[in-house]
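Quick one, what's the 3D model for this:
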Amino acid sequence: MKPLAEHGTTARAKGRPSAGIPGCPCRPCRKAENAYDKRRRFLNQTGRTLRVDTAPVAAHLRGLFAAGAGWNQLAAISECSTSTISSLLAEKNPQCRRTTANKILAIQPGDAIPDQRSVPALGTIRRLRALIAQAHTCKTISTSCRIDHSTVTDLLVARTDVVTLGLANRVAAGYRTLSQTSGASARSRNRAIREGWAPAAAWDDDLIDDPNAHPEWTGYCGTDRGWWTHRWQNLPMCPRCEHAHQEWLDERAGLHPQARNQEMFRARAAASQREAELAIDARELLRYGVGIEQAAARLGVSKNHLQQVMLRHPAEPDQAAAA
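Numbering: from 1, shown residues only. Model (predicted):
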């Protein structure tokens, strides 16, 4: 039998009537029970009842299980026993403790999935390819991500559509570390260029797992301006910019070649001028103590693109003196 609670607690004061154990009448237990009842009455009067309806909690649990949650993982995250979760799921009692309900309701779909559960491999593949694009070797990646070398090579060529959640999490952890630095493997970098794999700077961390997301190589991908930026930076041409430039050309297909060339020169010059203005704006923000990442976010471009723009458009002597 489960041992009784210590004296001076509400549990000891109430006892276990269902098991035939009466409440304890000692002064510490009565004092604890009175304090509990006083707090309960106060919370009830202020609309913060100690117990809430079980139905919304049960519905949330069903949603978590539908999203792939496991019993043990839910119990660990919520700090509730599996028997408590089972009771809530079956709605055995119309009400449950507010503290328990808050713990359950705070869990989001995807937070309690077992490590062995399968998840889409796309985000994992993108992370591994981004590390190759940053000149890291497969050996370095496998060590940092704590996965087999053969697993890295298989994922790089997308031989599978799914991976286990545990593997995806290990790759994500290794990616967070390695993506902050560049490797020294020319072979890896050349392979990424040949395959058109985007580096980490081209991916938004919140979107890299989204199948509808695209790498943002230039800060203007999907436009004709992005196409010119790919050319200037000698970056692998992304399909969106290739398509945008082809659309630009198709719209002017009826022009005389000389007129079309003139428009192309103007488009290139206009894009170049916008880059120069972007570099000036960035240096102004940096002069006021704004970090490079925050400056890129304010100007609506990627950090990598902003750094490249500033290299291509160095500060004028009077701007350098002002800084």
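
Helices along the stretch 151-300 of the chain, start to end?
165-178, 186-195, 224-233, 239-251, 257-287, 292-299 (DSSP state H, counting those that start in this stretch).

Which of those helices sits closest to residue 151?
Nearest to residue 151, of all the helices of the stretch 151-300 of the chain, is helix 165-178, at 7.3 Å by C-beta to C-beta. Placement of C-beta: from N, CA and C, glycine included.

ok so, going back, looking at the helices of the stretch 151-300 of the chain, which is buried most?
Neighbour counts (mean count of other C-beta atoms under 10 Å) averaged over each of these peak at helix 224-233, with a mean of 21.

Next, the angle helix 257-287 makes with it.
Using axes from the mean of the first three to the mean of the last three C-alpha atoms, to 10 degrees, the direction of helix 224-233 lies 80 degrees away from that of helix 257-287.

Run through the neighbouring helices and strands of helix 224-233.
Judged by 3 or more C-beta pairs under 8 Å, 6 or more residues apart in numbering; DSSP states H and E, helix 224-233 is in contact with helix 239-251, helix 257-287, helix 303-312.

sorry, back to before: make JSON lines out of the helices of the stretch 151-300 of the chain and add mean pLDDT and distance to residue 158.
Shown next, in JSON lines, are the helices of the stretch 151-300 of the chain (pLDDT from 0 to 100; distance: least, C-beta to C-beta, whole Å):
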{"stretch": "helix 165-178", "mean pLDDT": "94", "distance to residue 158": "14"}
{"stretch": "helix 186-195", "mean pLDDT": "92", "distance to residue 158": "11"}
{"stretch": "helix 224-233", "mean pLDDT": "83", "distance to residue 158": "24"}
{"stretch": "helix 239-251", "mean pLDDT": "91", "distance to residue 158": "16"}
{"stretch": "helix 257-287", "mean pLDDT": "85", "distance to residue 158": "34"}
{"stretch": "helix 292-299", "mean pLDDT": "87", "distance to residue 158": "30"}
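
do you know which of the helices and strands packed on helix 224-233 lies nearest residue 222?
The nearest among the helices and strands packed on helix 224-233, by C-beta to C-beta, is helix 239-251 at 4.2 Å.

Share the number of residues neighbouring the spatially closest residue to residue 275 that is not a sequence neighbour, please.
Ranked by C-beta to C-beta, 6 or more residues apart in numbering and with sequence neighbours excluded, the top spatial neighbour of residue 275 is residue 309, at 5.1 Å. The number of residues packed near residue 309 is 25, by other C-beta atoms under 10 Å.

Skip the chain neighbours and tell me the closest residue to residue 130.
That would be residue 200: by C-beta to C-beta, 6+ apart, it lies 4.4 Å from residue 130.

still on that earlier bit, any chance of the helices of the stretch 151-300 of the chain in JSON lines, with distance to residue 49 too?
Formatted as JSON lines, the helices of the stretch 151-300 of the chain follow (distance: least, C-beta to C-beta, whole Å):
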{"stretch": "helix 165-178", "distance to residue 49": "37"}
{"stretch": "helix 186-195", "distance to residue 49": "58"}
{"stretch": "helix 224-233", "distance to residue 49": "57"}
{"stretch": "helix 239-251", "distance to residue 49": "54"}
{"stretch": "helix 257-287", "distance to residue 49": "50"}
{"stretch": "helix 292-299", "distance to residue 49": "43"}
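
dump the residue contacts of residue 141.
Counting by C-beta atoms under 8 Å, 6 or more residues apart in numbering, residue 141 makes contact with 128, 131, 132, 152, 174, 178.

Can you pick out the most distant pair from these?
Across those (C-beta to C-beta), the longest gap, 12.8 Å, separates 132 and 174.

isn't the residue nearest to residue 130 right up against residue 177?
No - if you go by C-beta atoms under 8 Å, residue 200 and residue 177 don't touch, sitting 11.1 Å apart.

that older thread, so which of the helices and strands packed on helix 224-233 gets nearest residue 101?
Nearest to residue 101, of these and by C-beta to C-beta, is helix 303-312 at 42.0 Å.

Now the closest one: buried residues?
Applying a neighbour-count criterion of 16 or more other C-beta atoms under 10 Å, one finds 303, 304, 305, 306, 308, 309, 310 buried in helix 303-312.

And the fourth one, how far from residue 220?
Meaning residue 306. 12 Å (C-beta to C-beta, to the nearest Å).
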